[in-house]
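Asker: below are the sequence and a predicted model; questions follow.
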Amino acid sequence: MMLKRTERLIRKCSRLQNSYIQCSALHTTKCLDSQERLQSFRTNEDNPLNHGGEHTAQFYKLSDSDKAKVFLYGGLPKTFEIQAKTFNETCLMVRKPALDIINCMKNIDYSKPAVRFVLYGKKGTGKSLAMAHIIHYAYKQDFLIVHVPWVGNWMRRCKEQSNSETREGYIDLNLDAAAWLLHFKTQNAHLLSKPELKTSKDHVWNKRETTPKDSSLLELIEHGIARVKYASETVNALCDEIKTLSNDGKCKTIVAIDGYNAFFYPTTRVFTVKKEPVPPEKVSLTEGFLNISKFDWKNAVIVVTVDEIAIAEKDQVSHLPRYLLGKKGFEHLDPFVPILVENYTKKEILSCLDYYKERKWITPFTGLEEEVEFVSNSNPYKLMKICASL
Amino acid sequence: MLSFSRNFEKILLNNVEKSLALSISYSTETKKEVKEEFRILNLKSVKGKVQPRKPQKQLEALQPRASKMPVDQDWASVWPGPKTFHPASVPLPVRQGYVEKAAAAPDKYGNAELMKIPNFLHLTPPVIKRQCEALKKFCTPWPKGLENEEKCEKHFPIEVVSSDYCHSAPTLRNPLARIVTIKLKLSSLKLDGRAKDKFIRLVGERYNKETDTVTIVADRCPLKKQNYDYAMYLLTACYHESWNVEPWEELKSEADMEYYYWNNNASKKSVEALFGKPTEDIPNVQEYSEAVSTLINEGESEYLVTKYGQSVRKLLGLPDELKS
């Protein structure tokens, strides 16, 4: 029965497609006048190193090879990923917040302590995608990328938890830590093979297992992945090593943490054996990433996002950084540069709709722009949801 | 019973008299033969010709007093005190009220609108002048050195307000006269930061933040003097108590602070650690510290966060925000 139905559906679709091709052939002459506008929504400058103010509101293509290296294990929001798959390409819009941070990164004096940037904005305005753009830039600049795709995945949807063996009262999220190590390894595969990235001290795991001094970072990571039991400790050790290496000028590092405020929200959904909720500071992973987001090291840029979605729904009151970070988090990050991610501007929304039209994702009709802009309130996420059915 | 019997006797006696008289008259008629015409039984007594009633004399309405008033009269004796408007006493063509279409406003006669509103006809400038002249002999010259408000406030920081009432009633006392209000500027008291904070907490809602005034109202005692003494006592007690430091006050920690002082907070420490030198040597730190303090004291808003961001950029020497 099911099979029959799908068969019919497929047949119908193919018929529709045929008719659509005919239609589009008719339309080509008509669309010529809007050719110029269609061109302006896309830029051929696919290298984020060259992006500047003239590229705002234009889409650039994230090449498949880069995507496979940088965003293989997360980093792009899931809904965006699905859409990218549908469009058969991954295009990011060049927007002001990302450009702003990239501009700062170009001008930072890396011999000074690390600068912290905090991306904030309402739900669905594109904080994570701005971060993806920045990471892509950092990747092209050969930064060592310490990227946490979504802290909420650890604090609110962890895979498993166990009591820490080394420290009393701490909880390890070993599976998540190992997954992150893999993510780190994939993102920095081209750098980790460098000979100068070596550990600065011995890491003793137990009586028999030790990662000796001057072994490569890759060995440390491999050990963490292979011995999941020590994954959390490995992450903390790795963060420490990265700080030392950057401080010594062996590498430049970008720390990108999405949903950073989850580290400071008083409760998590990680539970002890007695089913008591664990505060985030008692999760061993927190320590490493709080350590790496301090300013006490050089050759580094720290970009974090604060997001309402990373905390419990009852407390999603404001999107502003002081509220989301809380007193402790604010003091930890202060002084930081807050970067507001806003809803689409008129230019951006037109560009986005043009892109959707080019992808044959929406059918153009008169008054579409105004209506869609009104209904979605120019919110990028809502726009994507609305256009999915047009 | 006694009175009844007496009445009965009276009636009896009357009847006897009447019957006697009747019997006499009958006896004479029979003697004289009938000469006069037959008298008709006249039950309705008609007394001669009915006089036509005199038409009542219409009283002539007097002209309103206002029209007879001389131009140079003494107005103060016409209208000596406050009272409701009276059209005949006021020689002015005043009009007041709802204006009908194509008509003038209602004139003063029978005009409720004019009676409703309070008037100051008893306080005309010549009257005031005369009253002031009369009062002058009770006045003393204005003290030297108190020429303006600032000087007054400096020498007499406490303002005492009470009311006296004068009215015709069986009693002279008015209960409202006992209430005494004292007002003073908080800045006129010698207090340091901590003592000032404690004073404000002690007086509570009696302190007005906008005008920096403390107002103490005393009305619990029956007499004005007592209330005044009590208010002064309260002020003195609050002042000395605010200078007292209780042992538990020393336990006040950062979390209990009502304002965010950048200088004793983590933000200052981290900035000093960031630059590796004391705050005084860091350029642009003033703007930054102000931005942090306002952000935390005034509560977050997009504007303040942006301002904070700009000050951090300046502090760290980062390029300005891109213009969209």
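Answerer: Structure received. Numbering: from 1, shown residues only, chains lettered A, B, ... in the order given.
Asker: so what does residue A:372 have for phi and psi?
Answerer: In terms of degrees, to the nearest 10, the main-chain angles of residue A:372 are phi -60, psi -40.
Asker: list the contacts of it.
Answerer: A:349, A:353, A:383, A:386, A:387, A:390 (C-beta atoms under 8 Å, 6 or more residues apart in numbering or on different chains). Quick note: C-beta positions are derived from backbone N, CA and C, even for glycine.
Asker: repeat that for residue A:258.
Answerer: Counted by C-beta under 8 Å, 6+ apart, residue A:258 has contacts A:127, A:128, A:131, A:148, A:149, A:150, A:151, A:304, A:305, A:307.
Asker: would you mind measuring from it to residue A:69?
Answerer: To residue A:69, residue A:258 is 18 Å away according to C-beta to C-beta, to the nearest Å.
Asker: cool, and residue A:207?
Answerer: Residue A:207 is 38 Å from residue A:69, by C-beta to C-beta.
Asker: residue B:198 too?
Answerer: 64 Å.
Asker: the two: which is more packed in?
Answerer: Neighbours per residue (other C-beta atoms under 10 Å in any protein chain shown) separate residue B:198 from residue A:69, with residue B:198 holding more: 19 against 16.
Asker: so which helix or strand takes in the more buried one?
Answerer: Assigned by DSSP states H and E, residue B:198 belongs to helix B:193-203.
Asker: mind checking how far that helix is from the chain centre?
Answerer: Here the centre of helix B:193-203 is set off from its chain's centre by 33 Å, with C-alpha atoms, centre = their mean, to the nearest Å.
Asker: elements contacting that helix?
Answerer: Where contact means 3 or more C-beta pairs under 8 Å, 6 or more residues apart in numbering or on different chains; DSSP states H and E, helix B:193-203 is packed against helix B:224-243.
Asker: residues near residue 159, how many?
Answerer: By default, I'm working from chain A. So residue A:159, with other C-beta under 10 Å, has 13 neighbours.
Asker: was after chain B, sorry
Answerer: Neighbours of residue B:159 (other C-beta under 10 Å): 14.
Asker: same thing with the one 10 residues further on?
Answerer: Using other C-beta under 10 Å, residue B:169 is surrounded by 8 other residues.
Asker: my read is it is in a helix, agree?
Answerer: No - applying DSSP: H, G, I helix; E, B strand; the rest coil, one finds residue B:169 to be coil, outside a helix.
Asker: how close does it sit to chain A?
Answerer: 61 Å (C-beta to the nearest C-beta, to the nearest Å).
Asker: just the helices in the stretch 1-150 of chain B please.
Answerer: Taking DSSP state H, counting those that start in this stretch to define them, one finds helices in the stretch 1-150 of chain B at B:2-32, B:65-68, B:75-78, B:112-116, B:125-136, B:149-155.
Asker: and those, which one averages the lowest pLDDT?
Answerer: Lowest mean pLDDT of the helices of the stretch 1-150 of chain B: helix B:2-32, a mean of 53.
Asker: just to revisit the earlier point, the helix holding residue B:198 to helix B:224-243, inter-axis angle?
Answerer: Angle of helix B:193-203 versus helix B:224-243, following axes from the mean of the first three to the mean of the last three C-alpha atoms, to 10 degrees, is 140 degrees.
Asker: contacts for helix B:193-203, please.
Answerer: For helix B:193-203, contacts defined as C-beta under 8 Å, 6+ apart pick out B:186, B:189, B:191, B:207, B:214, B:216, B:238-239, B:241-243, B:245, B:249, B:258.
Asker: out of the contacts of residue A:372, which are buried?
Answerer: Using 16 or more other C-beta atoms under 10 Å in any protein chain shown as the burial test, the contacts of residue A:372 include A:349, A:353, A:383, A:387 as buried.
Asker: so what's the last one up against?
Answerer: Residues in contact with residue A:387 (C-beta under 8 Å, 6+ apart) are A:353, A:356, A:361, A:362, A:372.
Asker: phi first, then psi, for the residue lying closest to residue B:259 once chain neighbours are set aside.
Answerer: Spatial nearest neighbour of residue B:259, excluding adjacent residues (C-beta to C-beta, 6 or more residues apart in numbering or on different chains): residue B:297 at 5.9 Å. As for residue B:297, its main-chain torsions (degrees, to the nearest 10) stand at phi -70, psi -40.
Asker: ditto for residue A:90
Answerer: According to degrees, to the nearest 10, residue A:90 has phi -110, psi 110.
Asker: residue A:77 versus that one, what's the distance?
Answerer: Applying C-beta to C-beta to residue A:90 and residue A:77 gives a distance of 12 Å.
Asker: the buried ones among the contacts of residue A:372 in helices, which ones?
Answerer: Secondary structure from DSSP state H places A:349, A:353, A:383, A:387 of those in helices.
Asker: of these, closest to residue A:202?
Answerer: residue A:383 (53.2 Å; C-beta to C-beta).
Asker: so the closest one sits against residue A:352, correct?
Answerer: Yes - between residue A:383 and residue A:352 there is a contact under C-beta atoms under 8 Å: 6.5 Å.
Asker: shared neighbours, the two?
Answerer: residue A:344.
Asker: quick one: buried residues of stretch A:210-230?
Answerer: Quick answer for stretch A:210-230 (16+ other C-beta under 10 Å): A:211, A:216-218, A:220-225, A:227-230.
Asker: so which two of these are the farthest from each other?
Answerer: A:216 and A:229 (21.5 Å).
Asker: how far is stretch B:129-142 from where the chain is centred?
Answerer: The answer for stretch B:129-142 is 27 Å, by C-alpha atoms, centre = their mean.
Asker: start and end of it, how far apart?
Answerer: With C-alpha to C-alpha, to the nearest Å as the measure, stretch B:129-142 spans 19 Å from end to end.
Asker: ok, now stretch B:205-218?
Answerer: Start-to-end span of stretch B:205-218 (C-alpha to C-alpha) is 15 Å.
Asker: tell me which residues are up against that stretch.
Answerer: Residues outside stretch B:205-218 that contact it (C-beta under 8 Å, 6+ apart): B:179-187, B:199-200, B:203, B:227-228, B:230-231, B:234-235.
Asker: can you give me the buried ones in that stretch?
Answerer: Applying 16+ other C-beta under 10 Å to stretch B:205-218 flags B:207, B:213, B:214, B:215, B:216, B:218 as buried.
Asker: which single one of those is nearest to chain A?
Answerer: Distance ranking of these against chain A, using C-beta to the nearest C-beta, places residue B:207 first at 28.4 Å.
Asker: run through the bridge partners of that closest one.
Answerer: Note on residue B:207: beta-bridge partners by DSSP bridges are residue B:214.
Asker: where in chain B is pLDDT low?
Answerer: Applying pLDDT under 70 to chain B flags residues B:1-34, B:46, B:324.
Asker: what about 80?
Answerer: B:1-36, B:40, B:42, B:45-50, B:168, B:254-258, B:323-324 (pLDDT under 80).
Asker: ok, now chain A?
Answerer: For chain A, the ranges with pLDDT under 80 are A:1-39.
Asker: how's it carved up into domains?
Answerer: What automatic domain parsing lists as the domains of chain A is A:111-340, A:346-386.
Asker: close to chain A: what parts of the stretch 1-150 of chain B are there?
Answerer: Contacts of the stretch 1-150 of chain B with chain A, taken as C-beta under 8 Å from any C-beta of the partner chain, are absent.
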